[in-house]
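Colleague: please find the sequence and the predicted model below.
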Amino acid sequence: MPWDIYEFLDHRGSGIIVEWIRRAKIQKAAIAILNQKVDLLRQAGTLPPQLLAGPIDGHIYKLKVKGRVQLRPMLCKCPIKNDVEYTFLLGCVERGGNLDPIDAPGRAEANRKIIIGDSNRRRRHDTDF
């Protein structure tokens, strides 16, 4: 059964992952790898730990996308239907074993709580950037 993939919407209603890709100037090759991982997650609902780590902090997971830049978008199972959906909560990268931003898990958790309070603060994630 395919899983639904959502993304958090910021205060302007923009998708958090779309904005992160734009702001961080993520290259097309890295976006293509990210999209492959998202498609795998959508199909399988789970990935091996070398691709999906977690929970790393409470309900927060990080998707591991290797490349010239180590992409580490933060996501959670849920927060509406735990057994059939994931929601991207924050975009970040990893450099030298450290997340950037360093407080990424906390920011992701704050966004998860916003969605719990207002399910309109997310939308289906689209891999067409």
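Modeller: Sure, I can see it.

Colleague: pick out the residue nearest the middle of the chain.
Modeller: Geometric centre of the chain, nearest residue: residue 88, 3.2 Å, by Cα atoms, centre = their mean.

Colleague: quick one: it is in a helix?
Modeller: No - residue state for residue 88 (DSSP: H, G, I helix; E, B strand; the rest coil) corresponds to strand; a helix is not indicated.

Colleague: host element of the closest residue to it other than its chain neighbours?
Modeller: Distances taken as Cβ to Cβ, 6 or more residues apart in numbering put residue 7 closest to residue 88, at 4.2 Å, once the chain neighbours are dropped. In short, each C-beta sits where N, CA and C put it, glycine included. Per DSSP states H and E, residue 7 falls inside strand 4-8.

Colleague: which parts of that strand are buried?
Modeller: Residues of strand 4-8 classed as buried by neighbour count (16 or more other Cβ atoms under 10 Å): 5, 6, 7, 8.

Colleague: dump the residue contacts of the residue nearest to residue 88.
Modeller: Applying Cβ atoms under 8 Å, 6 or more residues apart in numbering to residue 7 gives the contacts 15, 16, 17, 18, 87, 88, 122, 123, 124, 125.

Colleague: bridged to it, which residues?
Modeller: residue 88, residue 123 (DSSP bridges).

Colleague: and it, how far is that from residue 98?
Modeller: 24 Å (Cβ to Cβ, to the nearest Å).

Colleague: check residue 56 too.
Modeller: Noted for residue 56: a distance of 13 Å to residue 98, by Cβ to Cβ.

Colleague: hang on, the earlier thing: turn the buried residues of strand 4-8 into JSON lines, including pLDDT and distance to residue 31.
Modeller: Below are these laid out as JSON lines (pLDDT from 0 to 100; distance: Cβ to Cβ, whole Å):
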{"residue": "5", "pLDDT": "94", "distance to residue 31": "15"}
{"residue": "6", "pLDDT": "95", "distance to residue 31": "18"}
{"residue": "7", "pLDDT": "96", "distance to residue 31": "14"}
{"residue": "8", "pLDDT": "97", "distance to residue 31": "18"}
